[in-house]
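>>> Sharing a sequence plus its predicted fold:
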Amino acid sequence: MLKQYILDVTENAVKTAVAESSLGQMKESDEFSLKTEIPKNEEFGDIAINVSSLSRYAKMAPPQIAQKLAEYIKIDDCAITTVAGFINFKFGKTFLNTIISDILNEKSQYGSCDYGQGQKVILEYVSANPTGPFHIGHGRWAAMGSALANLMKFAGYDVYQEFYVNDAGNQIKNLGRSLYIRVMQELGEKIDFPTDEVERKSFYPGEYLIPLAKEFVVEKKAIAESLPKNLNDLQTEQLNELSSFAKMKMLGLQKDLLNKFRTEFDNFYFETDLHKSGKVEACVNKLKEKDMLYEKDGAVWFKSSLFGDDQDRVLRKTDGSNTYLTADIAYHHDKIQRGFDKLINIWGADHHGYVPRMKASIEALGDNPDKLEVLLGQLVNIVLNGEAVRMGKRKNMVTLEDLIDEVGVDATRYWMIIRSIDTTLDFDIELAKSKTDENPVFYVQYAHARACSIFRNASSERVNIETKEKITPLFDKDELEKAVLDADLNLLWNTDNEKSNASAKKLILKLEEFKSIVQAGAKLRAPYIVCKYLQELAGAFHQFYTFTRVLTDDKALAAARLAVVKSVSTVIKTALDILAVDAPERM
RNA sequence: GCGCCCGUAGCCCAGUUGGAUAGAGCGUUUGGCUACGAACCAAAAGGUCGGGAGUUCGAAUCUCUCCGGGCGCGCCA
């Protein structure tokens, strides 16, 4: 990575200068850290380091420090100048050529690194209840989670993706009772959901259960026909049948949709398995042994306030059943037991109050609470015709499937990832659908298609529209790849066209930046950085294209420029793959 | 009331550990296609970084406070 290289060289220069007492009063024990940046003014250079932060140790003015340090820095083919407190580095063609040849050689691996050092990460996201279709918010977690997983894998983490299925508790009973009503309706009974608002809350009156009821009547005919006319007469066994049928069908639908949305989990972890295996009970006992529990008002409480939570939390209710938290504590404990070093969860911001008690449980069980990292995602608003449609109101609820069908998988994924997780996302349906330059996903895909097109044209027959004359292909199909790989990249810089040179240099440095983007994105758990980068890269390429004719009659020169074009399509493809957005060769 | 997130150009947003004159895109105005995709490019205009105070050589960034918006504060899951 160029940035890192420049940093290393400069830091060594500081150490040498200090050892030779050339940096004023700065001592070897003084801890410093430097940072590279891209100069605002291109004339200054390609990369700059601000040394002002050293002035507090050296007791020298920043410009003097920069000048002094510059004397200690020698890099082949790199011009070093100082302006004010900055050391500026300007790369020569050898550096740039190496970037291109690296990309051509490393291909789809270019940009990957060992930053994560194989750290075992379990990334849990979506984890929706199997009681209904996904809403748009789930789409944001699905897109972000899968993109983050891809990104972190690319950066050298060992990522395991898991979906926690909340298939225990009252909600599943409610689901079964709701299916009962739909089944009876299917059988011609005059029965309906309660109209009373409070009673209605313990049902799922959405129409999505109707198709499931139809299936139930066919697949579980005997049971369906044995059902009582009155909900209150429903036997526990019958309810269980209905519940588990609805649950598995819903989960199946959810899995299908995740698949369609290019979100692949390594595992679906069932809450009921946690109970059946005795892990919940074991975990409660463990907390008890550590004296983290007490009884009050007939319930069992966890002393979470000892670890920073606002108050203690109930684990076992007065009716003897466990709270959701109890199972969740056991679940996270189990993640640690399974050997994961890092537990990353993506939760909706509405669950943020839940974080302290979760961390408290990890600490109470004797582990480092920092192993758990919760990414709180702000919610999604749908913007339709310039107006925000409020989520949460059932009537306006748009399902993720509706959105994907309307907008397409590519645009939906891109727009779900494009904003930092900390910002409320306004998802503008019309904008996401538009195939114009207003829509970044098309801007980026277009750049890729354009690069592919140039490459195709290099070895295919075309016809001049004006003269109808055939244009002979520059390269034979079989020689093209080799010609590009063997191209003399020095030819790139033999032109007098300053705009072409400048845009080529900018483009190539942008390609190199991909390495930094992968690291930064993985480190900050922020896939949106990749979107931002892609837009910048696409822009740099469009600019290069405008100023530089790639397919010139000079074959050697064309090969060199094609090498750049190939590098661009390679990096765009890799970055889009991380986002699981398609990189079309034609549009 | 307490907690978390947000407030940056007309609009939507970047701004990585505090550093050069606060940046892209859209929109607006102007200019650019008889060779590779104009679904593109170039240029211009546009800002008290919500207000105020503090820390610092230096603050959009850190601290405090106020204002505005979103979300949460269950023996629900």
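Right, received. Where do you want to start? Values in this document were obtained by computation on a predicted structure and should not be read as measured data. Residues are numbered from 1 along each chain as shown, chains lettered A, B, ... in the order given.
>>> all contacts plus neighbour counts: C-alpha atoms, from now on.
Noted.
>>> Output the set of residues of the stretch 351-500 of chain A in proximity to RNA strand B.
A:351-354, A:378-379, A:419-420, A:422-426, A:435-440, A:442-443, A:446, A:449-450, A:453-455, A:457, A:464, A:466 (CA under 7 Å from any atom of the strand).
>>> PyMOL command to pick out the buried ones of the residues you listed?
Buried residues within these, by 16 or more other CA atoms under 10 Å, are selected in PyMOL with:
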select buried, chain A and resi 378+379+419+420+425+426+439+440+442+443+446+449+450+454+455
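>>> those helices in the stretch 451-587 of chain A, which residues are they?
A:477-485, A:498-523, A:528-547, A:555-579 (DSSP state H, counting those that start in this stretch).
>>> Any residues of the stretch 151-300 of chain A in contact with RNA strand B? List them.
Residues of the stretch 151-300 of chain A lying near RNA strand B (CA under 7 Å from any atom of the strand): A:166-171, A:296-299.
>>> Counting neighbours, which of those comes out on top?
A:Asp167 (23 neighbours; other CA atoms under 10 Å).
>>> Quick check: that residue touching A:Tyr269?
No - using CA atoms under 8 Å, A:Asp167 is not in contact with A:Tyr269; the gap is 9.7 Å.
>>> just to revisit the earlier point, what would the residues of the stretch 151-300 of chain A next to RNA strand B look like in CSV with secondary structure?
Shown next, in CSV, are those (DSSP: H, G, I helix; E, B strand; the rest coil):
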residue, secondary structure
A:Asn166, coil
A:Asp167, coil
A:Ala168, coil
A:Gly169, coil
A:Asn170, helix
A:Gln171, helix
A:Lys296, strand
A:Asp297, coil
A:Gly298, coil
A:Ala299, strand
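>>> Need the residues you listed in a markdown table (columns: pLDDT).
A markdown table is the format used below for these (pLDDT from 0 to 100):
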| residue | pLDDT |
| --- | --- |
| A:Asn166 | 93 |
| A:Asp167 | 93 |
| A:Ala168 | 90 |
| A:Gly169 | 85 |
| A:Asn170 | 87 |
| A:Gln171 | 90 |
| A:Lys296 | 92 |
| A:Asp297 | 91 |
| A:Gly298 | 92 |
| A:Ala299 | 95 |
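>>> Could I get the full set of strands for the stretch 201-350 of chain A?
Taking DSSP state E, counting those that start in this stretch as the test, the strands found in the stretch 201-350 of chain A are A:267-270, A:293-296, A:299-302, A:313-316, A:342-348.
>>> quick revisit: closest to A:Phe86 among the residues of the stretch 151-300 of chain A next to RNA strand B?
A:Asn166 (55.3 Å; CA to CA).
>>> mind checking how far that closest one is from A:Met248?
Separation of A:Asn166 from A:Met248 (CA to CA, to the nearest Å): 12 Å.
>>> overlap in contacts of these two?
A:Pro130 (CA atoms under 8 Å, 6 or more residues apart in numbering).
>>> residues contacting A:Lys371?
Counting by CA under 8 Å, 6+ apart, A:Lys371 makes contact with A:341-343.
>>> picking up where we left off before, can the helices of the stretch 451-587 of chain A go into JSON lines with extra columns for mean neighbour count?
Listed next are the helices of the stretch 451-587 of chain A as JSON lines, based on neighbours: other CA atoms under 10 Å:
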{"stretch": "helix A:477-485", "mean neighbour count": "15"}
{"stretch": "helix A:498-523", "mean neighbour count": "20"}
{"stretch": "helix A:528-547", "mean neighbour count": "20"}
{"stretch": "helix A:555-579", "mean neighbour count": "23"}
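>>> mind giving me CSV with those and columns for mean pLDDT?
Listed next are the helices of the stretch 451-587 of chain A as CSV, based on pLDDT from 0 to 100:
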stretch, mean pLDDT
helix A:477-485, 91
helix A:498-523, 92
helix A:528-547, 94
helix A:555-579, 96
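>>> right, so of those helices, which gets closest to A:Glu219?
Comparing the helices of the stretch 451-587 of chain A by CA to CA, helix A:555-579 comes nearest, at 39.2 Å.
>>> ok, the closest one near RNA strand B or not?
No - judged by CA under 7 Å from any atom of the strand, helix A:555-579 stays clear of RNA strand B, getting no closer than 8.2 Å.
>>> swap in stretch A:121-128?
No - Stretch A:121-128 stays clear of RNA strand B (CA under 7 Å from any atom of the strand), getting no nearer than 8.4 Å.
>>> buried set for that stretch?
Within stretch A:121-128, judged by 16+ other CA under 10 Å, the buried ones are A:121-128.
>>> In strands, which of these appear?
Within the buried residues of stretch A:121-128, residues falling in strands by DSSP state E are A:121-124.
>>> contacting residues around A:Asn439?
Counted by CA under 8 Å, 6+ apart, A:Asn439 has contacts A:431-433.
>>> Which of those ranks first by neighbour count?
Neighbour max across these (other CA under 10 Å) = A:Ala432, 22 neighbours.
>>> can I assume that residue is in contact with A:Val409?
No - counting by CA under 8 Å, A:Ala432 stays clear of A:Val409, with 10.6 Å between them.
>>> Mind picking out the helix or strand in chain A with the poorest mean pLDDT?
When each helix and strand of chain A is scored by mean pLDDT, DSSP states H and E, strand A:387-389 comes last, with a mean of 67.
>>> for chain A, which spans come out with low pLDDT?
A:385-397, A:464-468 (pLDDT under 70).
>>> How is it divided into domains?
Annotated domains of chain A cover A:2-91, A:440-579 [automatic domain parsing].
>>> re the thing from before, just give me the closest of the buried residues of stretch A:121-128 to RNA strand B.
Comparing these against RNA strand B with CA to the nearest atom of the strand places A:Ala128 closest, at 8.4 Å.
>>> wait, what's in contact with the closest one?
By CA under 8 Å, 6+ apart, the residues touching A:Ala128 are A:134, A:138, A:164-166.
>>> cool, A:Glu189 as well?
With contact set as CA under 8 Å, 6+ apart, A:Glu189 has these partners: A:Lys229.
>>> hmm, back to that, who wins for proximity to A:Lys3 among the strands of the stretch 201-350 of chain A?
strand A:342-348 (27.7 Å).
>>> sorry, back to before: I'd like to know which of the contacts of A:Asn439 are part of strands.
Short answer: the contacts of A:Asn439 have none in strands (DSSP E).
>>> which one of those sits closest to RNA strand B?
For those, the nearest to RNA strand B is A:Leu431 (9.0 Å; CA to the nearest atom of the strand).
>>> ok, and the closest non-adjacent residue to the closest one?
Spatially, and ignoring its direct neighbours in sequence, A:Leu431 is nearest to A:Asn439 (6.3 Å; CA to CA, 6 or more residues apart in numbering).
>>> That neighbour and A:Asp328: what is the separation?
In terms of CA to CA, A:Asn439 sits 40 Å off from A:Asp328.
>>> can you check A:Arg140 too?
22 Å.
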